[in-house]
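**Q** Sequence plus the predicted model coming up.
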Amino acid sequence: MDLWWLLWISLLFLVPFILMEISSGFKFHFKLVYYCAMCLLLSALAAPMCLLTNGGRTVNNMRIISRVVRTLKYFFGVRFEVKGLENFQIDGPCVIISNHQSILDMMGLMEILPDRCVQIAKKELMYAGSVGLITYLGGVIYINRKRTSDAKSIMAAVAQAMISDNLKVWIYPEGTRNNSGDLLPFKKGAFHLALQAQVPIIPVVYSSLTSFYNQKKNLFTGGTVKVEILPKIDTSGLTENDITDLTERCHQTMRQVFFRLSNKPYESNGQSNCAQ
Ligand SMILES: CCCCCCCC/C=C\CCCCCCCC(=O)SCCNC(=O)CCNC(=O)[C@H](O)C(C)(C)COP(=O)(O)OP(=O)(O)OC[C@H]1O[C@@H](n2cnc3c(N)ncnc32)[C@H](O)[C@@H]1OP(=O)(O)O
Ligand SMILES: CCCCCCCC/C=C\CCCCCCCC(=O)OC[C@@H](O)COP(=O)(O)O
């Protein structure tokens with residue numbers, strides 16, 4: 001009898017691996033679920049560490065969170081080649097903006113996260129189980145993307161907090177994940193925030209994940225991500241009238257770097273062809 005049980009249980013374990021061999025779709029989704037499960041598990045492990053070390057919701061928990069998240073890359077065969085870390089060496093608050101491709105970006109975010117840096121996140125993330133808890137403990141700021149007025153007032157409060165608590169704020173100006181191999185147009189909140197707080201903006205660009213992570217092609221293997229931290233952009237003296245131009249300028253600069261890092265020819269949409 002035991003032998004039969006053993007046979008059935010081992011078959012049960014073998015089934016996902018057999019399915020992964022015969023179906024790329026199954027393999028892609030299995031790996032994505034594995035990633036989410038790892039995030040949930042690591043969050044559940046990190047939460048008590050944060051509570052015991054720092055008591056409650058504080059940006060200091062980001063040190064623990066980043067250390068734990070940095071281990072994830074080894075489970076998924078992802079490597080990061082980072083350039084420009086010296087550009088993070090600025091005292092005081094700043095707004096960091098970067099392109100956003102997938103939930104895998106958490107690995108790239110934590111790979112280079114500077115000290116005392118929180119992120120702006122969609123409020124739905126608060127309800128993602130233990131991941132929601134860990135983002136809360138890390139000081140993540142939640143916004144409702146569908147209610148611009150609420151988002152504006154939250155960001156205005158963040159501008160005050162950045163100065164009083166010496167906080168850096170990381171924002172994904174595309175406002176959503178985008179695995180298309182290009183950058184979406186930028187929302188303006190990050191730039192309003194930088195002007196309201198009168199702090200510099202530091203653009204960060206991650207190369208395209210599409211060479212090893214592509215939902216359309218059910219591709220999810222390991223790979224190398226090139227990361228470039230660009231020199232800071234000063235906002236002193238700029239006013240609300242400069243927001244659109246500042247947004248466009250950052251978008252164009254980051255898009256050129258994105259194409260260069262992704263070894264793709266720069267397709268300007270009516271913009272200069274010289275990739276940086
Ligand atoms: C240990 C375990 C581990 C495992 C797990 C890992 C855990 C890791 C832990 C921790 C890390 C967590 C990391 C989470 C990351 C999550 C990322 C996301 O969720 S990304 C989605 C949410 N982020 C955004 O959406 C930002 C970008 N959006 C904006 O900034 C928008 O501007 C926003 C939302 C503020 C408003 O969006 P609009 O859709 O209305 O678009 P617009 O065009 O920008 O604004 C409309 C008008 O309002 C003005 N406006 C916008 N923001 C303003 C402001 N702040 N003040 C004044 N006016 C503003 C603009 O100038 C525009 O007006 P005119 O067209 O120019 O007339
Ligand atoms: C008890 C309830 C349990 C709920 C289960 C939760 C399932 C998800 C669990 C883990 C997910 C790990 C993801 C790590 C954090 C990802 C942050 C992120 O990248 O969010 C997406 C957001 O940038 C943009 O959202 P959209 O592209 O607009 O959409």
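**A** Everything's here; your move. Numbering: from 1, shown residues only. Ligands and ions are numbered 1, 2, ... in the order given.
**Q** Can you find the residue of the stretch 51-200 of the chain that comes nearest to ligand 1?
**A** residue 189 (2.1 Å; CB to the nearest ligand atom). Yep, even glycine has a C-beta here, placed from its N, CA and C like the rest.
**Q** hang on, isn't that residue packed against residue 153?
**A** No - contact criterion CB atoms under 8 Å: residue 189 and residue 153 do not qualify, at 11.5 Å.
**Q** hmm, who's touching the lowest-mean-pLDDT helix or strand in the chain?
**A** Taking mean pLDDT, DSSP states H and E as the measure, the chain has helix 2-22 as its least confident helix or strand, at a mean of 87. Identification of contacts with helix 2-22 by CB atoms under 8 Å, 6 or more residues apart in numbering yields 26, 27, 30.
**Q** and after that helix, which helix or strand comes next?
**A** Using DSSP states H and E, the helix or strand that follows helix 2-22 in sequence is helix 24-54.
**Q** Now that next one: average pLDDT?
**A** Computed over helix 24-54, the mean pLDDT rounds to 95.
**Q** for it, the distance to its chain's centre please.
**A** Between the centre of helix 24-54 and the centre of its chain there are 15 Å (CA atoms, centre = their mean, to the nearest Å).
**Q** Likewise for stretch 124-135?
**A** On CA atoms, centre = their mean, the centre of stretch 124-135 falls 15 Å from the chain's centre.
**Q** in it, what counts as buried?
**A** By neighbour count on 16 or more other CB atoms under 10 Å, the buried set for stretch 124-135 is 128, 130, 131, 132, 133, 134, 135.
**Q** would a markdown table of these with distance to residue 175 be doable?
**A** Converted to a markdown table, the buried residues of stretch 124-135 look like this (distance: CB to CB, whole Å):
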| residue | distance to residue 175 |
| --- | --- |
| 128 | 18 |
| 130 | 25 |
| 131 | 19 |
| 132 | 19 |
| 133 | 24 |
| 134 | 22 |
| 135 | 17 |
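**Q** so which of these are also by ligand 2?
**A** Among the buried residues of stretch 124-135, the residues within reach of ligand 2 (CB under 6 Å from any ligand atom) are 128, 131.
**Q** what about residue 260, how many residues close to it?
**A** 17 (other CB atoms under 10 Å).
**Q** Name the residues of whichever strand or helix holds it that are buried.
**A** Secondary-structure assignment from DSSP H and E places residue 260 in helix 243-261. Residues of helix 243-261 classed as buried by neighbour count (16+ other CB under 10 Å): 243, 246-247, 250-261.
**Q** tell me what that helix is packed against?
**A** helix 189-197, strand 201-206, strand 223-229 (3 or more CB pairs under 8 Å, 6 or more residues apart in numbering; DSSP states H and E).
**Q** quick one: the last one to helix 243-261, angle?
**A** On the basis of axes from the mean of the first three to the mean of the last three CA atoms, to 10 degrees, strand 223-229 is oriented at 140 degrees to helix 243-261.
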